[in-house]
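Visitor: any chance you can model this:
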Amino acid sequence: MVALSENVALAERAPVARRNPSPVGDRLFRGAAFASALLVLLVLAGILASIAYGGWPAFREFGPGFLVSSAWNVGREQYGALVAIIGTLVSALLALVIGVPISLGIAIYLTQLCPGWARRPVAMTIELLAAVPSIIYGMWGLFVFAPLFARFVQIPVSNVVEGMPIVGTLFYAQVPSGVGVLTAGIILAIMIVPFVASITRDMLDQIPTVLRESAYGIGCTTWEVVRHVLVPQASVSIIGAVMLGLGRALGETMAVTFVIGNANRLSASIFDPGSTIASRIANEFNEADGMQLHALMALGCILFVVTFIVLIIARLLVRRAKVA
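Guide: Purely as a prediction, here's the structure:
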């Protein structure tokens, strides 16, 4: 027994043999990691440079007026980006206004109110929407949603608000066909809901249970727990989820092309057809040539800049939320 104890003590005091790391393997690993990061930057810079190079003749020809002009005449070679820019921003804003409250409601229901037996099926159904191709959303929006929207929303609402100040301008459809900026915003809202809801749900699940139980213990209602505990704790992640949805809405092409109407005109009514940067590029790029092609490349460059600005705003909002 004494000999066994001495052997154990010697084994504990014996230094553990440690292999020296291979300098070659470490260098290869560092080089591969650096090359991966550098590759992303090079690809991003190459995309931006190629788009800017292709759009430069349009910027040089039309100058700053390209950003504020609503003209788009292929025959006369007069091009402007204002209609597409406004259509892109308005449709994405409508998608956020409609989709974000629904997404937050879904996330809160799944984490706070949903019965245990229904939580997994509901969550899987929401996540399944993210796997649906955008062209399916566009076809469904054009052939199913748009006729119903025209019949039960556009026509009745237009009959009610016709002649009213402000409201009659925003919600009056000159040709109630079902397609338009609001229709595109609704389809985009359906498309961004899975992303925002899934990320928000995951972040709400990560909040320590003791915080919720403490709030319930002092008599808070479910609404008060959500309002004063869950949302402040997950505010940074919620902002990130919303910005991710906004990026998806800004760059969506096929679904918007089907349902926005693709009309190159400015209208104060969200029921009227419009156009976005992505939909205009998708419609005309295949047959574009000369200055028209350069104008489309310039539109792509503008969309890139808009997305970059959105990313900067998201970073600032996240930083402000962390400080608060």
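
Visitor: C-alpha from now on. contacts and neighbour counts both.
Guide: Will do.

Visitor: counting contacts, what elements does the lengthiest helix in the chain pack onto?
Guide: Taking residue count as the measure and DSSP state H as the definition, the longest helix of the chain comes out as helix 23-62. Helix 23-62 is packed against helix 291-323, with contacts defined by 3 or more CA pairs under 8 Å, 6 or more residues apart in numbering; DSSP states H and E.

Visitor: if we can go back for a sec, list the contacts of the helix or strand following the longest helix of the chain.
Guide: Helices and strands here follow DSSP states H and E; after helix 23-62, the next one along the chain is helix 65-68. The set of residues that contact helix 65-68 without belonging to it, under CA atoms under 8 Å, 6 or more residues apart in numbering, is 58-59, 79-82.

Visitor: 10 Å instead?
Guide: Judged by CA atoms under 10 Å, 6 or more residues apart in numbering, the contacts made with helix 65-68 from elsewhere in the structure are 58-60, 78-85, 295, 298-299, 302.

Visitor: and what of stretch 141-159?
Guide: Applying CA under 10 Å, 6+ apart, the set of residues contacting stretch 141-159 from outside is 135-140, 167-180, 183-184, 186-187, 255-261, 271-272.

Visitor: and the helices in the stretch 51-200 of the chain?
Guide: Taking DSSP state H, counting those that start in this stretch as the test, the helices found in the stretch 51-200 of the chain are 65-68, 82-108, 116-129, 134-140, 146-149, 155-161, 167-170, 181-206.

Visitor: who touches the helix or strand following the last one?
Guide: What it means is helix 181-206. Elements were assigned by DSSP H and E; along the chain past helix 181-206, the next helix or strand is helix 209-217. For helix 209-217, contacts defined as CA under 10 Å, 6+ apart pick out 112, 219-222, 224-226, 228-230, 233.

Visitor: pLDDT on the helix or strand just after helix 209-217, on average?
Guide: Using DSSP H and E, the helix or strand that directly follows helix 209-217 along the chain is helix 222-225. For helix 222-225, the mean pLDDT works out to 88.

Visitor: same for helix 222-225, what does it pack against?
Guide: On a contact count with 3 or more CA pairs under 10 Å, 6 or more residues apart in numbering; DSSP states H and E, helix 222-225 meets helix 209-217.

Visitor: now do the helix it packs on: distance to the chain's middle.
Guide: Using CA atoms, centre = their mean, to the nearest Å, the mean C-alpha position of helix 209-217 is found 33 Å from that of the whole chain.

Visitor: please export the C-alpha coordinates of that helix as CSV.
Guide: Extracted in CSV, the C-alpha atoms of helix 209-217 (Å, rounded to 0.1, in the frame of the first residue of the first chain):
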residue,chain,number,x,y,z
THR,A,209,-34.5,32.5,-16.7
VAL,A,210,-33.8,34.1,-13.3
LEU,A,211,-34.5,37.6,-14.7
ARG,A,212,-38.0,36.5,-15.9
GLU,A,213,-38.8,34.6,-12.7
SER,A,214,-37.7,37.6,-10.6
ALA,A,215,-40.0,39.9,-12.6
TYR,A,216,-42.9,37.5,-12.2
GLY,A,217,-42.1,37.2,-8.5
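
Visitor: tell me the buried residues in it?
Guide: Residues of helix 209-217 classed as buried: 212, 215 (neighbour count, 16 or more other CA atoms under 10 Å).

Visitor: low-confidence ranges in the stretch 201-324 of the chain?
Guide: Within the stretch 201-324 of the chain, the ranges that satisfy pLDDT under 70 run 324.
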